[in-house]
Every structure is written in structure tokens, then in C-alpha cells.
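Asker: Okay, structure incoming, though there's no sequence with it:
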């Protein structure tokens, strides 16, 4: 990882490092409700924080280029809450595909997207497939790998169910580790929504399920837990990137 | 302006302020070459910096909500330089239209886009028109208002011609005022490209015209000049916002 | 359920039953490799078979209209195998959205899609969301509900991992229950692919993982197990439909 | 033709036959009103029935692969009748184009679409053209070839005019030959709509012209007439396929 | 009809006449090969000429506004001949739909398109349907009504078959009546292409069938025959417009 | 320039000249209000007139093919005035891109668009970029080059501000030179709109600013001034075409 952040790279240095084989890492976030105690940019902060840790873990093994984050994502399920500013499915897909195309034209060998928002998963997956179909340009999408295991190991509260960890101990701990000044623990409250029988087969606005926007219990969150989570997540992410790069290099070696 | 930045707002506070009539300000940037001495994120930094100054100038008159920046834009003309990661015309348009739609659904009365990148002007203009056509939701796009006059008053170097002020004294001064650590003045050089006779009627990759990516002379840039420029630009932008809001309020009063 | 299949309904009878409140059930299949022993239409046969069982279970409670199946789906992951004829993501989405629109115009209160193919899940989910956004017309997508529990209870072989049950004991048992003449048990073989470290974060053509197209062990499959699976799946699906219809009716009662 | 229907082919057998040069035949139907006595799936049944006869006629000359039918089509003109579930023009076009693309990727030399629905003609024609423009992959669309001559030879009732033979002696006879249990001759009635002067230059919902949905007189229909019609139609279709395949082979031989 | 052509109307006069109920007539042409003796703009000249005659015939009954022609159309079948500049199917559709939308916004009650090019028929038909679906704005598309009967009555040469009258006695006579200086009868030759067995089920570039671009025999063409054809065609077109306007007025009277 | 207009070229002559290297010139107009005294087709007439002058100036140097005009354009800003029939942004872009594609397929080396309408500038610019990106086919868009200087030299009235010269002395003089019978000088009036503070950052319907549709003073217009303007504009346009063609030829010579 460069000591300098993505905002401080000039085009020459970017070009030199890309030519030398650096792997671009793109944090993909969202602007979405995260309860009364977390900021709307939580997913972006988490994606960006995890990206930086990932670059640090890979340092010495895989040279990386941390790109600026995409600060908006597909968050339709939460847009019954004020402040949730969602992009459409197709816009998230287009952003990812455009950036893959630009990197491909400039000689990058692949792209890694570090995604912080559940709703981005499907459109990023479609974009990754289209990138391969159109330009044979590989895109790896990382969605908090090993999240369940990391949470089991580090956390004490019960998850809210259906894999929903929203503004809970998991996310709040990570935010306390990354940007404690933006977390207002005095307003943190637990909420365990009751799910209707038709959930999640039917897409239901989350504001119908939760009054506060919290799914779980953030009150037990600590920065230490957040650090432990980030360590595990970044280690799992690094494993994926290593395997991905090795696969990409193998394909190139064999002319694929 | 809120003391807290956009990343630290929770959904409740966002909702309260929107309901009270706050005007959302969206900085729209780009990731584009800016010579050897300025970072690729220059347009984003400038759009964000101008947005904050604008919010400060309007403070007490017009309540504003500063949104997170869009960090990528349409920068095709520069994509012959490594590191320029361009979105397509339609993706920039879709991002702006999606965010206008989201704000409209949530009860905002209007949207102000503070644009930092030349290539975004056309797609943002199309999006603004479509927002009115579809939802009667007004979008004001601000493109460095009064730039020529501000530059004449504050700067000493000649512009490079055709309105191109790229990585020159204008942009470099503003960056020195906003984020001096990211400017490497020791690598700043002047370049005054010769334009072919067919320019600008024909779209020519800027890398065919400039070796360094600079259009003008950044060596005379200072943070003081940057402050003077920002003061004039934010004052002109504030004029536009006042007139816009007054027009929007008039339309609403008359049932338009 | 009507004694007559969907092919035998005339427009008058269809219209009468729709006007009386019948809920349309749409089986959504695919044409995709399913190992050496199962037909390419396996997903369609399964979706159609489950739809009919579901209609039977609901008989007397919820009147239903079984529509003709969609015989092609999004099966990109398998299109390295001959015979897999995939539709694109957007085509699957368009089919579902068009049929929702048509039913909405004709006065249906909702639509239930019984999906038989993994790759259809994401585009059907997008279509369901768009149907609500555009016309407030609710669409429930059913993806083998309670599959894991049903398999645990009825089957003896190990699953192949990552939720992939493809041409295995699960699917083969159901096919033996539904259309035994199309299953060639003499050619059934077990295959437990080794997954690369980057799976499933990276979309990998399944033909790179499996030689036969099988993921699991179909040799232990029986029609009796298939019956047991269908009973559980249709019961779980019926639960979802009941909850869905009750929710739809509630919304209509309250003017929503 | 294979003794087994398309639902029973495994990917291996499909792949072997495609590699050996088999020509895929795709029946394209619709779900559309066909009077009180014919099922909504009439066009699908007819397209599928004609496809099978065509494969039989070609047997020994041209090896064919009968694909599963598309059960929905573009039937806007009839969607004033309940039960007519129309796809949009662009969706029909996308289905055909996707399937052509999939077959092209898998090494097929061409595709034959056997179309059963008038409204599909235009979008299938556009798709066929696009398939050639994009991939040089030839698609033949067959629309009941020699229908007028066959009807003149076999039928006794007058046609309803403007080429409209809908739920009349022609369609009813063919359905009696293909699926007599789904025809309710006791409810068959003749209707000869009066056409307004502006027909067919203006697209008018057919429910404005016909009360029953019938255009012509189905009461004289018999299975024998249906057999005679199918014999003529499949012979004419076989002529087209022979000429098409010969042309395709010629192009391939000459490197075209 | 106005004495002045469409180019000479000011917005005020246009507005006054539209407000008074004038029916807009849009000639839709093409730029397409028409043999060695006719200009590439033949379809546009013919559409425009027929439109003017139509306006004259309707004068005193139906007030009309003749719009400027669209000079390009969908002519893919001919684009193997130099000079044929085809628009895509979707562009022709978009032009017609945009103009329908603009006229609808301005209070027109309907639109009549007088089409001069075979390839425009399908996209104009789609646009007309979409105009009704979106805005309930009726669009009548006129395609040389009564052409076959008019040709039988006025002409002496045999048609080339399959309804193709291209650069033949029909078109040449009309051009001689409309713009004799653009017809070079000394270069006119007859050509009767042999059609392959697969025609017209398969879309074949017309340059594969005809060397000259002529389908039929233009040598017998005269301006007198052209006048006779135009008289019949405009009378038949006027019948359609009368019926259309009466239907539109009826719908409006009944609140439809 | 050919003595014959574009309407009189046959495909053979078009093909011969294109093969010999002739450069196609496409006039792109609009149907848009131009005050009480100018026709709605003013932009088309001007684009076509300038194109013909340009061809004359280039005669002997660069062989050109004058194509038929596009008579409709993107004129949204004026569509509050009756008679303004606007195409959408995407339709103008599609027309230009389709025609570039057609010319490219037929062996043209480039395309020159002579644009007469302000609103077409952005979509034509996007189309020109896309043409290069997709097919490496260069498109030059000419927008009244040297207009400001020509107006300063030839005209006596003040412009209306913001570069808006609409139905003023500039346009009226050119129309008097090109088509005096279509100009009604007795109805010409001057109007100098007051611009709101938010103009032109906000897109405002021009009918909100001007009662007559005039921006400036047409009363001083004369045909002589129009001739002087056309001479300067066509000379400046010819300079651009020479530079463009030389650049295109250079690229081809170097294999670019």
C-alpha cells in the first residue's frame, strides 16, 4: 500500500504503479440509514476502512492501488428511512462496469471491488460477469468475507436473524475502530424486529420492520471488537485476493 | 452548514433537517489527470471544498445539507493519461438523476449540484432537465461560476486558451488553499499546448496536446490566490443558490 | 387448483377466475445442463411440478391459476456446458416484469413466481421490486423454500458445498417423483468438485469445476425421497403464499 | 427428429448432436385469447405441433433439435381480452436474440424459429436481422408458410378478412388434430366482425371488433382438416428449412 | 392545406392552427437506393408528395398541418448498395415517438404519419402502439393505401413479386409526376430478380438479388400514370384520415 | 460540390464519389420557434444553406457530398412555444450515430455535421465521441464557427446576452439571404429579455423569458448582412474541414 491515499496520487505515479502490476482496489459504499447512532456513510467508511487494512495485509506480497470510494450504492430496502439516497440497480452496475472498462483500457490486469453494502451485491455480480464477457477482464467482488465466523468469535449479542447485521454490534464495533468520533453511543439502542412470515421471500421496506433502523444490539460494541473483526475480515479478504491474482496470472501465463 | 460533515449525520438528523427545508448540496467530482503536481482527485477536492465554502456563505440564510461527493465523473478527453478513470456520459447522468429522484421521494424541495469537472457539465445538464420533465423536481448545476472574472482578478499567468484551465495557476492555487499536502509544487511545470486548427470542434484526446497534462502555468500558484478565488467563486455560487431557492419557493407558493 | 392445466383454459374461464380473486402462479424454469442423467429442462420440470403441488396444497384456501412455464432462464454459470441456453439477466427481468404488468392491467391482485433456477433469483428479485415501484403490484418470488431442512430430513448423501445442489440426490429424487421416464439412473454418477479458494466470490464457469455437471451424489436418489421433498417444499411454499396473500389483502383493505 | 422430446435430452446428447450439425428448431408461441372454445395456449400448441411435424418431415435429410417452446409472445392487439398475457416487443426480440447468441456460442450453424403468433413476426424479424449483424449467425423465422393456399384447399368457411384467421376453422382444425381434449366444440361460435374503415392502418384492440374473440367460423372444423393443414404447412416449412440450410452451408463453404 | 409549405410557418401561425384543430401530417421518408435512374431520396419525395396531395384532398373537410419530412428511414435491406444510409429500427421508432410526444404536449389531438419506405412500417407501428399506451395519443400510419389496386388500374408492366415495387413503373411514374428533373429515364432498365426459395422468410440483402437495384420495369413509366396513381393513393389516404379523425373525435366526445 | 442537390443523386453516382474520397456533409437542423417573422424550420434552412456554401468554398480542394438535412433536433428549451417539435437528446444522438455507422460501413473516411441548432450541440458531441470509440470513425461537428466575430463585423444591433442570438439580426439576415420569401419583416420586432439571476445555470423555458420568441433585434437585418455572415461562416467552416480532412488523412497514412 502506498503511504499516500488515493487522493494524493498524480497520474504519473498511478501510471507507473499500474504498469508495474499493482492491483486496483475499489471501495464501494452507500449512503443509507444505520440507526440513530451511526452515520449515513457507514457502509462507505467500512468499505474504505477494510480496503486500507486489506492493502496493508497484502503489502510486500501484492502491490495495490487504493481507489477513491464510490459513496452511493443500491439501498432500496432502506429508502423508507430519510437520508437513504439509493442508486438504482443499473446505475451501480454501470459505475462498476465503466471503471472496469477504464482500468482495462489502461492496462490493469484485474479489479478488486471491496463492497460495503448488501444491496450492491447483485448489481456488482452482474457487472463482474459482464466485464468478463465483454473484455475478458476479471473483477473480484469482496463482500465481508468470513463475516459470520468473525462475528461468532468476537461478539456477544445475538444477530437479528436472516443474516441482517445492520447498525448492530458488528457494524458499530467496526465503526468505533475506524471513526469513533462519528459514533454516538449514547443514542445506540437495541432492536430485534419481528419478521413477517413472508420475509425475506418478499422484499419489504425495512422501515416496516424496525422503528430505529437497528437490526440487533449495538450497545455492546467496542473498538477492540471492531479491531478483531477487521483483522479477521482483512485476512479473509487477503486470501481471496491472493487466490484471485494467482488465478489471473495463471490465465495470462497460459494465454487465456 | 452543519459543523459535522456529511459522513457523520445520522438518518434522523438528516430527516429532521430535510423536513425543515434544508437544501441538499452534492459535490460532483472526477478522477482525472491533473499534471505531475496535482492529485487525480483534484476535481473532487475542489468540488467538495467549494461546496463547503458555499454552505458557510449561505449559513444563516439558506440551510444546507452537504452530501458526500461523487468521486468519479465523465473525463473521456483525458483518458489517454493513465489514472484517468472515466464514467460514461450516461452513467454520470444516471447518478445525478437517481439522487434527484431519491431526494424528491424524501420530500426535498430541490437539489444543488456543485460540479468540479468540465466533462460532467453536459450529462448533468441533461439529468437536470429530465428531473424537471419527470417529477417537476428542480436541479441547479453550478460550474465554477464567475471563474473567468475571478481568475482575471487574482492570477498573473496567461490561461492556455479555449477556456482550458487545467492543472494551471487557477486549479493549483485552489488546491494549495484546500489541501496543500497533496500538492507537489517541486514538480509543477508550465505547458502551453499548441492547438491544432480543428480544435475544439473536433474532440481530441488531451494527451495529444500536452505532454505533462498541464494547460497553463501552475508555478505562480499560491494558497493566498486560492483563497481569493474560493471567496469569489463561493460568493457567485451563493448568488445562484439564493436566486434558485427563491424561484423554487415562488413556484411552490403559486402551486407550480 | 383447476383440474385442467393452464393450456386448456379459455379466456373466459381465465377471466372469470381472475375476477373472482384467483392468484396467478408462474413457474419459471431454465434450459441448463443437469449432469448426464437428467434432462436439460430439469429446472422447468421442477418449477412446474412444485407449482402444481402448491396449487393442490392451497386448494380450498386460496384459489390459484397455474400459468404456463417460462422454459428458459439465466444460467450463465453453466453455459460452458453444451445445451445450456441462457437468457441474459435483463431478459429474465423483462419477462417477469411484462407478465406482472399484463396481470396488473387485467385486475389481478398479485403474482407468485415459483422459480426453479438459481440464476433467476437476482433478476426476478429486481423485477419484483420494479413492479412495486412502478405499479404498486406485489410479486412474491419463491425459491425452493426450506430446501436445506427438507434435504437434511430426507437425503443421505453429503451436499457438494456452497449451497450447490445440482443434479444431485435432491434434484434427482424430485425428478424421479415427477417424471421418472426422463431420468437415466444408469448414467448417474457422483462428483464432488474441489472449489478453488476464490469461489464463490469470483464467478467461475461451473464446467471448470465439474466434469460431469454433477455437484453431489445422485446415485442414492429415489422417487420416495422426491415425494417427501416435494411435500415439504410445497408446504413451505404454501405458508409463504398464505402470508403474502394475507398481506396483499391487508394492504388493499387499508387502501395501501 | 429424436424420439425423445426436448425435455428429455441431457447436455451430453444435446452437445453431441449439435456438434454433428443438428439444426435447432425453436417453437415460439403466445398466451392469448382464442375464443370461447380454444385454450389460451393455442399459439404455443400450434407452434410446437408444427415444429414436431417439421422435424419428422426433415428426418433423414436434416437432423434437427427440437427446443422447448417459448410460451409467451407479443399479443398486444388481444390484450383487451382477459387471459392474454403479452410480452413487450422488445422482450420477444431479446428472448430470440439471447437464444441465438447462446446457440452461436455453442457452435450451432443456424437457428430456425417456428412462430405461432402474428404479433411475434415483427420482433422476431428484428432479432433475426440483429443476429446476422452482430455475429453473422443466420436465423430463419417461419410463419405458417403457405397458410392461405392450405386453407383454400382444406377449408369450407370464409375467412374473416385482412388475413385474420383467429380461433376460426383453420386454427380450430389444427387444434383438433393436435390436442382434441383441449377444444370445446360445444362452445364454438362463428363471428365475422365488421371492420372500421381505418382498419388495419390503425392498431385497434381486437376486443373492440369481436365479442367472442373469434374471427371466422370454427364450427366446421375437424381433426381431419387439421391433419391436412399440418401436412401442407410442414411440407412448406420443410422446403424453407432445406433452402435455408443449403444457403447456410454454401456460405460456410465459401468462407462467408 | 396552407398555401405556404411547412418551412414557412411561424410558431404563432402553427399554434393558432393547432389550437383550431388542424391535424398534423408527417411525411416519413428514407435515403435508399432506387436504381440507376431514381434519386436516393425517392421515398422522401414520394412521402412528401403524397402528403401534399392528401392535404389538398382533405381541404375544406379536415384542416391539416404539413410537417417537414423525416429524410432518413430504416432501409437495412438495401444497405448493401452504396448511398443507402439506414437508421436503426429503434431510431425510427424514437423519432416518431418523440414527435408524437411533442405534438401531444402542445395539444394536438392526433398525428398522421405518411410513410414512404417499406422498412419504416414495423418501427412506426411499434411507435404508434407505444404512443397510445403511454399517452393515449392516437397515431395513424399510412403506407401507400390501395397501392396494389392503383397499380393494377394504371400500370402495364408486371410487378417483380412479393409485393416488391422498387424503382419500377410504380415508383418511377410517381417520381415523374412529382419531380421529373430528378428522374433519368435514359438510365432506366428493367430487372426481374429471381428469388431464392427461402425468400422472404429469410432477410436477404437486396443487392444479392438485383444488380441494378430495380425490382420491376420502370421503362414504361410516365408522369400521367404517376398522376393517376397519386390521385388514387391520396383518395384512399383521405378515406383513412377521415375515418381516423372521426374515431378520434368520437373517443374525445365520449371521454375516452 | 455537385451541381445536383442531394435529392437527385442515384446510388451509383453516390457510390462512385464516395469511393473517390468525397467527404459527406450532413446539415442538422430543428423545427423550433423563431419569433413571429421567421419560419419554424429556420435552423434547418440555415444549416442547409451554410452546408451548400461550405461545399462551394471547398470546391476544387475537397470533394464533398451534401446529404439531405435532418429537419428535427433537440430544442427542449423552446418547447413552451407551439410548433417547437423537439426530439430527445438520445434521439438526436442516435440519428447521428446511425448515419456515421452507415457511412463507415460504406467506406467513407469521415463525416462532417453542419449543425444549425444550439440544443443539438451536446448530443452531437456525444455521438461524435462514440463514433470514434466504437469504429474509429471521425466525425467533425461544426457549430457556426466564428459566429461572434462575424456578427461583430457585420451587424449593428446589440446581442441579447449569454450568446443567445435567436430570431435576431444575425439569424434574420441569414434567412433573408437564403430564403427571403419565408421572412415576414413586417412582423419582426425586437425583444431584449431580462434574465433572472439564476440564468443560465438553471435551464429555464425560453417562453418564460421572451413573449415573442425573439432574443435581440431583427429589425435591422438585411440580405446583404446575411451574405456577409455566410461568407465568413463558410470560410471558417472550410478552415475546419481542411484541417479535419488533413488530420484524417494523416491518421490513415500512419495506419492510425
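Answerer: It's in. The model shown is predicted, which means the values in this text are computed figures rather than measured ones.
Asker: who's in contact with residue A:51?
Answerer: Taking Cβ atoms under 8 Å, 6 or more residues apart in numbering or on different chains as the contact definition, residue A:51 lies against A:25, A:26, A:27, A:66, A:69, A:114. For the C-beta atoms, the positions are set from N, CA and C on the backbone; glycine is no exception.
Asker: Could you pick out the longest helix of chain A?
Answerer: If you go by DSSP state H, chain A has its longest helix at helix A:223-253.
Asker: what mean pLDDT does it have?
Answerer: The pLDDT scores in helix A:223-253 average 95.
Asker: Which of the contacts of residue A:51 sits closest to residue F:246?
Answerer: The closest of the contacts of residue A:51 to residue F:246 turns out to be residue A:26 (Cβ to Cβ; 41.6 Å).
Asker: List phi and psi for residue A:24.
Answerer: Dihedral pair for residue A:24: phi -70, psi 130, per degrees, to the nearest 10.
Asker: Could you measure from residue A:94 over to residue A:126?
Answerer: 10 Å (Cβ to Cβ, to the nearest Å).
Asker: These two: which has the busier surroundings?
Answerer: Neighbours were counted for residue A:94 and for residue A:126 using other Cβ atoms under 10 Å in any protein chain shown; residue A:126 has more, 25 against 22.
Asker: Just among the contacts of residue A:51, which is most surrounded?
Answerer: residue A:114 (32 neighbours).
Asker: Can you verify that one is assigned to a strand?
Answerer: Yes: membership of residue A:114 in a strand is supported by DSSP: H, G, I helix; E, B strand; the rest coil.
Asker: Now do the strands in the stretch 51-200 of chain A.
Answerer: Using DSSP state E, counting those that start in this stretch, the strands of the stretch 51-200 of chain A run over A:64-66, A:111-115, A:139-142.
Asker: Distance from the first one to the middle of the chain?
Answerer: The one in question is strand A:64-66. 15 Å (Cα atoms, centre = their mean, to the nearest Å).
Asker: My guess is residue A:127 contacts residue A:93. True?
Answerer: Yes: Residue A:127 is in contact with residue A:93 according to Cβ atoms under 8 Å; the separation is 4.6 Å.
Asker: Show me what residue of the stretch 151-256 of chain A gets nearest to chain E.
Answerer: Here the residue of the stretch 151-256 of chain A nearest chain E is residue A:203; by Cβ to the nearest Cβ that distance is 26.6 Å.
Asker: Might you enumerate the residues of chain A proximal to chain C?
Answerer: Applying Cβ under 8 Å from any Cβ of the partner chain, we find that chain A lies next to chain C at A:76, A:89, A:122, A:125-126, A:128-129, A:132, A:138, A:140-143, A:145, A:196-198, A:201-203, A:239-240, A:242-244, A:247.
Asker: Can I get the buried part of those residues as one ChimeraX selection?
Answerer: Buried residues within those, by 16 or more other Cβ atoms under 10 Å in any protein chain shown, are selected in ChimeraX with:
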select /A:76,89,122,125,126,128,129,132,138,140,141,142,143,145,198,201,202,203,239,240,242,243,244,247
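Asker: Would you pull up how far stretch A:20-30 lies from the middle of the chain?
Answerer: Chain-centre distance of stretch A:20-30: 11 Å, with Cα atoms, centre = their mean.
Asker: From the opening residue of it to its closing one, how far?
Answerer: Across stretch A:20-30, the terminal residues are separated by 31 Å (Cα to Cα, to the nearest Å).
Asker: That one: which residues count as buried?
Answerer: A:22, A:23, A:24, A:25, A:26, A:27, A:28, A:29, A:30.
Asker: Max pairwise distance over those: which two?
Answerer: For these, and using Cβ to Cβ, no pair is farther apart than A:22 and A:30, which are 26.2 Å apart.
Asker: Near chain D, list only the ones from the residues of chain A next to chain C.
Answerer: Okay, of the residues of chain A next to chain C, nothing touches chain D (Cβ under 8 Å from any Cβ).
Asker: Could you list the low-pLDDT ranges of chain A?
Answerer: A:1-7, A:255-256 (pLDDT under 70).
Asker: which residues in it form helices?
Answerer: According to DSSP H, the helices that chain A contains are A:11-19, A:42-58, A:89-105, A:121-135, A:147-154, A:169-178, A:223-253.
Asker: now check the third one, is it near chain F?
Answerer: To tie it back to what came earlier, the one meant is helix A:89-105. No: using Cβ under 8 Å from any Cβ, helix A:89-105 stays clear of chain F, with a minimum separation of 10.1 Å.
Asker: So what angle separates the directions of that helix and helix C:89-105?
Answerer: Inter-element angle recorded for helix A:89-105 and helix C:89-105: 170 degrees (by axes from the mean of the first three to the mean of the last three Cα atoms, to 10 degrees).
Asker: so what does helix A:89-105 touch, helix or strand wise?
Answerer: strand A:23-28, strand A:111-115, helix A:121-135, helix B:89-105 (3 or more Cβ pairs under 8 Å, 6 or more residues apart in numbering or on different chains; DSSP states H and E).
Asker: And the buried residues of stretch A:20-30, which is closest to chain D?
Answerer: residue A:28 (28.1 Å).
Asker: ok, the closest residue to residue A:73 other than its chain neighbours to residue A:66 distance?
Answerer: Leaving aside its chain neighbours, residue A:73 sits nearest to residue A:30 (3.2 Å; criterion: Cβ to Cβ, 6 or more residues apart in numbering or on different chains). Going from residue A:30 to residue A:66 by Cβ to Cβ gives 18 Å.
Asker: same thing with residue A:106?
Answerer: Note on residue A:106: its distance to residue A:66, by Cβ to Cβ, is 16 Å.
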